[in-house]
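Colleague: Provide a 3D model corresponding to the input given below.
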Amino acid sequence: MLYLSTRGKSAARSFTEAVMTGLAEDGGLLLPRAIPRIDRGTLETWQTLNYTQLAFEVMSRFIDDIPTADLKALIKKSYATFDVDEVVLHAHLDDLHILELFHGPTLAFKDIALQFLGNLFEYLLDQNDGFLNIIGATSGDTGSAAIHGVKGRKRIRIFILHPHQRISEVQERQMTTVEDENVYNIAVKGTFDDAQAIVKAIFGNKEFKDTYKLGAINSINWARILAQVVYYVQSYLHVAVHEKINAIAFSVPTGNFGDIFAGYIAKKMLPEGAVSKLILATNANDILARFVNKGDYSLGKVVETSSPSMDIQAASNFERYLYYLMDCEPDLVRESMLKFSVDGKLYLQDYLAHIKRDFVASSVSETEVLETIRKYFKGHRYILDPHTAVGVRAAEQHRDLGIPMVCLATAHPAKFGATVEKAIERQPDIPACLAGLAEKQSRCEVMDADVEAVTAYIEQHAIRPT
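Modeller: Next up, the predicted model:
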């Protein structure tokens, strides 16, 4: 399987090359040349597989340059760190199915991809006696999941940028209290979009990227998307058997378009009609909802909400979907992204019919988030985190689809205790992995949103070539 850039000006590369490259040299994102299809006969044989076995079956269709035994071992090692053997769980609340993705080391869905990616990086570096300096931006959960995926690894140093005082206290302390010497946290005075722009600018410096062997852990790295595809397939198998049906919908709270893009890949892999619709759920930062509903992908001001991981305007993975929307024409994608980089606007009304074949969308207010958390606690004694509440409310707004709905639960409610308490007048139970965070020493560099300053800091602390 070869991987191509969405912008068409970079050489094709293998899976492992794509993993180590992150962002393509032409500024595009990497995608597989083709998406393999899974027929219903194959799905029937997968119904008895556990999560790690299913992960191998899905991933191996995109990975042909890692030996079978090694890939199976990497997957098994990655999910041995989860607190449930099943890796993901389902809760059935009336006609909604909640897909719990928060049973990993940092209690967020990002663990599912980043435990795998951390082990994959180490495996590839050991093979060629290499080193890697990982740079990433986080709107909340990616950073802690990435840090916990690579902390203590001798061949890796990791630099995580987050928006200063714009994520939850638990999210911040999960990152900044990690004691391993290969971990560096940078709080950028600005928004997530500012932090993400800095990371992309640094990756765009080819000489710096090549010299310091930069690696990406954001969802611009294809391995992140691939690992997330697995739980869509697993959930389809679980719910289709549970409901004895052939079609379902997924409601996905998203700001960076990565998680829902994994759902889009799963939709293209599964038999026609198996995933009827993807419900794109945003908070007040509604650029993606406007794109689906009106064909309007134009930047607005980032609004702080109780779901900070979605407080994003420029979505990193949007370009990947744009590539498929534009019939895999890299020239059109390149021209569109250049226009967006200048104007901050794309008007795609001519593609609306195509977009609406794949997605419906809703933007959910802060009041609705609190109401939804309160409703499901009162009715089911089930506590939603604010991101999951966005997805659940969006699913409720699209019940007219008339098919079973799976809502992705992307984080443990204890990571957002203040919002939960505001909704239900009690704190969620605190998992053991979060106990004592407030007393631990924090290490973090607060910096202006300045590319040159951040680059200089990374250069000072990076693993250097010998």
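Colleague: check which helices and strands the helix or strand hosting Glu335 sits against.
Modeller: Using DSSP states H and E, Glu335 sits within helix 330-343. When contacts are defined as 3 or more C-beta pairs under 8 Å, 6 or more residues apart in numbering; DSSP states H and E, helix 330-343 packs onto helix 318-325, strand 345-347. No exception for glycine: its C-beta is placed from N, CA and C like everyone else's.
Colleague: could you single out the most deeply buried of those?
Modeller: Counting by mean count of other C-beta atoms under 10 Å, helix 318-325 has the highest mean neighbour count of these, with a mean of 22.
Colleague: tilt between that one and helix 330-343?
Modeller: Put simply, helix 318-325 runs at 140 degrees to helix 330-343, going by axes from the mean of the first three to the mean of the last three C-alpha atoms, to 10 degrees.
Colleague: give me the mean pLDDT for helix 318-325.
Modeller: Helix 318-325 shows an average pLDDT of 97 in the prediction.
Colleague: quick one: residues in contact with it.
Modeller: With contact meaning C-beta atoms under 8 Å, 6 or more residues apart in numbering, helix 318-325 is reached by 6, 28-29, 31, 225, 257, 261, 264, 288, 291, 297, 330, 333, 336-337, 348, 351, 354-355.
Colleague: how about 6 Å then?
Modeller: 6, 29, 257, 261, 333, 337, 351 (C-beta atoms under 6 Å, 6 or more residues apart in numbering).
Colleague: still on that earlier bit, and the helices and strands packed on helix 330-343: which comes nearest Ala394?
Modeller: Nearest of these to Ala394, taken as C-beta to C-beta: helix 318-325 at 18.1 Å.
Colleague: leaving out sequence neighbours, find the closest residue to Asp39.
Modeller: Ranked by C-beta to C-beta, 6 or more residues apart in numbering and with sequence neighbours excluded, the top spatial neighbour of Asp39 is Pro271, at 6.3 Å.
Colleague: mind listing what Arg393 touches?
Modeller: Arg393 touches 364, 368, 372, counting by C-beta under 6 Å, 6+ apart.
Colleague: confidence score at it?
Modeller: pLDDT, Arg393: 98.
Colleague: now the helix or strand harbouring Tyr376, how far from the chain's geometric center?
Modeller: Applying DSSP H and E as the criterion places Tyr376 in helix 366-380. Taking C-alpha atoms, centre = their mean, to the nearest Å, one finds helix 366-380 lying 25 Å from the centre of the chain it belongs to.
Colleague: one more: stretch 48-60?
Modeller: Distance, centroid of stretch 48-60 to centroid of chain: 20 Å (C-alpha atoms, centre = their mean).
Colleague: what comes up buried for it?
Modeller: 51-52, 54-56, 58-60 (16 or more other C-beta atoms under 10 Å).
Colleague: could you point out the longest helix of this structure?
Modeller: Longest helix in the chain, counting residues (DSSP state H): helix 222-243.
Colleague: now do the nearest residue to Lys200 once chain neighbours are set aside against Gly136, distance only.
Modeller: Leaving out its chain neighbours, the residue that sits closest to Lys200 by C-beta to C-beta, 6+ apart is Leu23, at 7.0 Å. Separation of Leu23 from Gly136 (C-beta to C-beta, to the nearest Å): 11 Å.
Colleague: next, the angle helix 222-243 makes with the strand or helix carrying Leu408.
Modeller: Using DSSP H and E, Leu408 falls within strand 405-409. If you take the same axes, to 10 degrees, strand 405-409 sits at 140 degrees to helix 222-243.
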